[in-house]
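Visitor: Fold the following.
(one chain, ligands or ions: 1)
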Amino acid sequence: MKPVIVVHGGAGRIFKDREEGARSGVTRAALKGYSILKQGGNALDAVEEAVTSMEDDPHFNAGCGSVLNEKGEVEMDAIIMDGKNLASGAVSAVKCIANPIKLARLVMEKTEHMLLTDHGANLFAKAMGVPEIPGEKLITERSRERWSKNLEPDSNPQEFKKDPGTVGAVAIDNEGNVACATSTGGLTNKLVGRVGDSACIGSGGYADNHVGASSTTGHGESMMKVVLARRLLYHMEQGMSPVEAADTALNYMKTRVGGLGGVIVVSNSGDWAARFSTKQMSWATVKDDQLQYGIYTGEIHTSSVAEALESK
Ligand SMILES: COC(=O)C[C@H](N)C(=O)O
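Guide: A predicted model of the protein is given here:
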């Protein structure tokens, strides 16, 4: 099987001054994940690496750069899933951790559980030797500014546009295993303790070697109502292509509950899609040593991996 990776850096509205940062952040993440796959690495390692790269990038609403809750703190959600055996691990409302996706992987691999939340997730991090960092280190000037303007959370899902930047990745490796990973700071001014789709299996992501893997972004409560990540894989099981399945699931979410969002997906035969019902979503993919990326509907830039690495 030829390896493929697809990543997203969040659906919503990306302000002009953030576009270049979002494009280079998603391409960097896709190239990092792909280089693991090219060296024979597995899909789980590739999606973890890609998401870690975007958690560390302050352009995105995940890890450093996360939006702030009503009390001005960062609380993050993340999930990772292995399509080989349907194992998955997640953390929700976790604080003071640089890379929630790594903690989610530890939940998957080192516990009998699938989701640890809030204080329990931090206790587990401590037990695993994951360093706690001051919460301030995750806060950027921009997220503080947006919080202090007291922007309401996006209670109207149809106008979902304020907090792009959730990150995610899906991949298939040369053994045909698929995996997904998703990580977010959630919604600005959310209530303390609010858990969104990105920590919930089937909503924020799903991976099954029998069909493929998906990672989602958008208005979390809407995505949870329609179980977006699993829904689109069902459509593929029913015979749709990744593009048709993604559009059908997004359209259902829009018409049924009025929610907007975006998805990335890779099938177990290596076909992929990056689709969104919001104005924008940053995404990038590498397949056959070719990088493609974009932000607006219809925008697709293409270059070889070699060219892309040279210009980095
Ligand atoms: C683009 O923003 C998001 O994806 C937010 C995330 N889905 C949440 O509701 O927590």
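Visitor: Buried residues, the worst-scoring helix or strand of the chain on mean pLDDT. List them.
Guide: Sorting the helices and strands of the chain by mean pLDDT, DSSP states H and E puts helix 141-148 at the bottom, at a mean of 87. Neighbour-count burial for helix 141-148 flags S143, R146, W147 (criterion: 16 or more other Cβ atoms under 10 Å). For the C-beta atoms, the positions are set from N, CA and C on the backbone; glycine is no exception.
Visitor: so can I have JSON lines of the residues you listed showing distance to the ligand?
Guide: Output for the buried residues of helix 141-148, formatted as JSON lines (distance: Cβ to the nearest ligand atom, whole Å):
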{"residue": "S143", "distance to the ligand": "13"}
{"residue": "R146", "distance to the ligand": "13"}
{"residue": "W147", "distance to the ligand": "15"}
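Visitor: For the stretch 201-312 of the chain, what lies in contact range of the ligand?
Guide: Applying Cβ under 6 Å from any ligand atom, we find that the stretch 201-312 of the chain lies next to the ligand at T217, G218, G220.
Visitor: The ligand: which of these is nearest?
Guide: Of all those, G220 has the smallest distance to the ligand: 2.3 Å, by Cβ to the nearest ligand atom.
Visitor: Enumerate every residue touching the closest one.
Guide: Applying Cβ atoms under 8 Å, 6 or more residues apart in numbering to G220 gives the contacts G186, L187, G196, D197, S198, S203, G204.
Visitor: Just the buried ones from these, in PyMOL syntax?
Guide: Here is the PyMOL selection string for the buried members of the contacts of G220, based on 16+ other Cβ under 10 Å:
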select buried, resi 186+187+196+197+198+203+204
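Visitor: which of the contacts of G220 sit farthest apart?
Guide: Largest separation among those by Cβ to Cβ: L187 and S203, giving 14.4 Å.
Visitor: returning to that earlier point: name the next helix or strand downstream of the least confident helix or strand of the chain, please.
Guide: strand 167-172 (DSSP states H and E).
Visitor: Quickly run through the sheet partners of that following strand, with directions.
Guide: Strands that pair with strand 167-172, judged by DSSP bridges, come out as strand 4-12 (antiparallel), strand 178-184 (antiparallel).
Visitor: in the stretch 151-300 of the chain, which spans are helices?
Guide: 220-226, 228-237, 242-257 (DSSP state H, counting those that start in this stretch).
Visitor: would you list those in TSV and tack on mean pLDDT?
Guide: Output for the helices of the stretch 151-300 of the chain, formatted as TSV (pLDDT from 0 to 100):
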stretch	mean pLDDT
helix 220-226	97
helix 228-237	98
helix 242-257	98
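Visitor: could you dump these to JSON lines with distance to I80?
Guide: Shown next, in JSON lines, are the helices of the stretch 151-300 of the chain (distance: least, Cβ to Cβ, whole Å):
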{"stretch": "helix 220-226", "distance to I80": "17"}
{"stretch": "helix 228-237", "distance to I80": "13"}
{"stretch": "helix 242-257", "distance to I80": "20"}
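Visitor: So for G168, which of the ones you listed sits nearest?
Guide: helix 228-237 (9.4 Å).
Visitor: now the angle from the closest one to helix 242-257?
Guide: With axes from the mean of the first three to the mean of the last three Cα atoms, to 10 degrees applied, the angle from helix 228-237 to helix 242-257 works out at 130 degrees.
Visitor: where does the stretch 201-312 of the chain have low pLDDT?
Guide: When residues are selected by pLDDT under 70, none of them lie in the stretch 201-312 of the chain.
Visitor: which residues of it fall in strands?
Guide: Here the stretch 201-312 of the chain has its strands, by DSSP state E, counting those that start in this stretch, at 205-208, 212-218, 261-267, 272-276, 280-287, 290-296, 301-304.
Visitor: right, so the ones you listed: which one is the most enclosed?
Guide: Among the strands of the stretch 201-312 of the chain, strand 212-218 has the highest mean neighbour count (mean count of other Cβ atoms under 10 Å), at a mean of 32.
Visitor: what sits against the residue in the stretch 51-200 of the chain that the ligand sits nearest to?
Guide: Nearest to the ligand in the stretch 51-200 of the chain, going by Cβ to the nearest ligand atom, is G196, at a distance of 2.7 Å. Applying Cβ under 8 Å, 6+ apart, we find G196 in contact with D77, T184, G186, L187, K190, G204, G220, E221, M224.
Visitor: farthest-separated two in those?
Guide: K190 and G204 (15.0 Å).
Visitor: quick one: secondary structure of the closest residue to K126 other than its chain neighbours?
Guide: Take K126 and drop its neighbours on the chain: the residue closest to it by Cβ to Cβ, 6 or more residues apart in numbering is E132, 6.9 Å away. Following DSSP: H, G, I helix; E, B strand; the rest coil, we place E132 in the coil state.
Visitor: Can you name the residues that contact E132?
Guide: By Cβ under 8 Å, 6+ apart, the residues touching E132 are C96, I97, N122, A125, K126.
Visitor: ok, it to R23 distance?
Guide: As judged by Cβ to Cβ, to the nearest Å, E132 and R23 stand 32 Å apart.
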